[in-house]
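K.L.:
return a 3D structure for these sequence lines:
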Amino acid sequence: MPRIIAIANRKGGVGKTTTTVNVATAMAAAGKKVLVIDLDPQGNATTSMGINKTGRMASSYEVLLGEKRINEAVVWTEIPNFSLVPSSADLAGAEVELVDVEHREFALRNALGKDVINYDYVLIDCPPSLSLVTINALVAADAVIVPLQCEFLALEGITDLIRNINQIKRAFNPKLELQGVVLTMYDKRNNLSQMVEDDVRNFFGKKVYQTVIPRNVRVSEAPSHGKPVLIYDFRCPGSQAYISLTGEVLKREKELLAC
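P.N.:
Next comes the predicted model:
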């Protein structure tokens, strides 16, 4: 069975989608078979991979509600070993539709089942809220990666998110682990970035990845071209940082499996 990793933060604009698609790309380049599930109604991961959301295709919405199987919704990208289940704006209403469903927190876990057995990793791009959709992602996941923007306000709510993760672990998913916290949009010219980094490392210790993702215009440009930055500009600092981060993620995966 694959390892399932949710990329989550209750705050938007912190680099969840960018982290998801670029870590997935680097994993695929390393020979891993990777599936990305776009669970954000905004569909940024879908757009970032150059997939037209207006087409009439099955999406994570139908998968979550049990109307389609994963293999009916998978779209192959231009990157070898990298496939994606696209998002749908209908996900915004999924929480209401799931309310009366029995064992609603386990809808995604049940939908994944044996349909993802041929993948090495499944990465879930979560919406920027602790909605029932996000809870489904965390219940289905083995581990969580939390991207954290290097700004003061980004620190607010991070302790609440960790508390939520621990609550879900106790109530629904005992195997769930915090794989790590990744600092994003780091500006070495800005003292605030260093202050945020110091605070986060003091609080989370070794859970914080050594790699930080710099604020880089090429990273920001890449989604408008429908490509991960690793494909758009392999040599830019953002790409090199995501390659380094993926190395750390894969190393921690080995350590978690060895426990």
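K.L.:
just checking, what packs against the helix or strand hosting Pro147?
P.N.:
Using DSSP states H and E, Pro147 falls within strand 143-149. When contacts are defined as 3 or more C-beta pairs under 8 Å, 6 or more residues apart in numbering; DSSP states H and E, strand 143-149 sits against strand 3-7, helix 16-29, helix 158-171, strand 177-186, helix 237-258. (C-beta placed from N, C-alpha, C; glycine too.)
K.L.:
how far off centre is it?
P.N.:
With C-alpha atoms, centre = their mean, to the nearest Å as the basis, strand 143-149 stands 8 Å off its chain's centre.
K.L.:
next SSE downstream of it?
P.N.:
Remark: after strand 143-149, the chain's next helix or strand is helix 152-155, criterion DSSP H and E.
K.L.:
pLDDT on that following helix, on average?
P.N.:
Helix 152-155 shows a mean pLDDT of 75.
K.L.:
check stretch 212-232 too.
P.N.:
Here stretch 212-232 scores 94 as its mean pLDDT.
K.L.:
dump the residue contacts of the residue minimising distance to the centre of the chain.
P.N.:
Nearest to the mean C-alpha position of the chain, by C-alpha atoms, centre = their mean, lies Ile7 at 2.8 Å. If you count contacts by C-beta atoms under 8 Å, 6 or more residues apart in numbering, Ile7 has them with 16, 19-20, 23, 123-126, 144-147.
K.L.:
for Val96, state which of those residues is nearest.
P.N.:
Proximity of those to Val96 (C-beta to C-beta) peaks at Cys126, which lies at 18.1 Å.
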